[in-house]
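Asks: need coordinates for the below:
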Amino acid sequence: MSSNHSVTEGEARRHKVEGPRKHIVAFILSLALTLIAFATVASGEINTQFTYIILVGMALVQVFVQMAFWMHMKDRGHLFPIIAIISGVVVVFTMVIMALYWVWW
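Replies: All right, here's what the predicted structure looks like:
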């Protein structure tokens, strides 16, 4: 049995294997972000409002790391999922703002 898998240079470039290096870096970054958030809450000596700001900031960075490296949203061909996610965020944000206005006025 012979295989006729002749791969052109363009196909080889397009199907280049990412390798474990980026995944290891993303995993270490995710762990660091989680540890920073945990240490902020566990210390108890930081102002509560500043703690909330740090937690939200770490969560946003964590979301981008997860989407870029683990869900591969940085790769080509993921435009529709990105548009869907952004649309969902806009709808949820609008609904929260509208609910807040409805309750307060």
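Asks: every contact and neighbour count from this point should use C-alpha atoms.
Replies: OK.
Asks: what is the burial count for residue 23?
Replies: Residues lying near residue 23 (other C-alpha atoms under 10 Å) number 13.
Asks: surely it touches residue 69?
Replies: Yes: contact between residue 23 and residue 69 holds when scored by C-alpha atoms under 8 Å: they sit 6.8 Å apart.
Asks: burial measure for residue 37, as a count.
Replies: With other C-alpha under 10 Å as criterion, residue 37 counts 19.
Asks: what's the helix or strand for it?
Replies: helix 20-43 (DSSP states H and E).
Asks: let's see the following helix or strand past that helix as PDB, backbone CA atoms only.
Replies: Note on helix 20-43: by DSSP H and E, the next helix or strand toward the C-terminus is helix 48-65. Backbone C-alpha positions of helix 48-65 (Å, rounded to 0.1, in the frame of the first residue of the first chain) are rendered in PDB as follows:
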ATOM      1  CA  THR A  48     -13.100  46.100  48.400                       C
ATOM      2  CA  GLN A  49     -13.800  48.300  45.400                       C
ATOM      3  CA  PHE A  50     -10.200  47.900  44.200                       C
ATOM      4  CA  THR A  51     -10.500  44.100  44.700                       C
ATOM      5  CA  TYR A  52     -13.600  44.100  42.400                       C
ATOM      6  CA  ILE A  53     -11.700  46.100  39.800                       C
ATOM      7  CA  ILE A  54      -8.800  43.700  39.900                       C
ATOM      8  CA  LEU A  55     -11.100  40.700  39.700                       C
ATOM      9  CA  VAL A  56     -13.000  42.000  36.700                       C
ATOM     10  CA  GLY A  57      -9.800  43.000  35.000                       C
ATOM     11  CA  MET A  58      -8.300  39.500  35.600                       C
ATOM     12  CA  ALA A  59     -11.500  37.900  34.300                       C
ATOM     13  CA  LEU A  60     -11.500  39.900  31.100                       C
ATOM     14  CA  VAL A  61      -7.900  39.000  30.400                       C
ATOM     15  CA  GLN A  62      -8.600  35.400  31.300                       C
ATOM     16  CA  VAL A  63     -11.500  35.400  28.800                       C
ATOM     17  CA  PHE A  64      -9.200  36.700  26.000                       C
ATOM     18  CA  VAL A  65      -6.500  34.100  26.800                       C
END
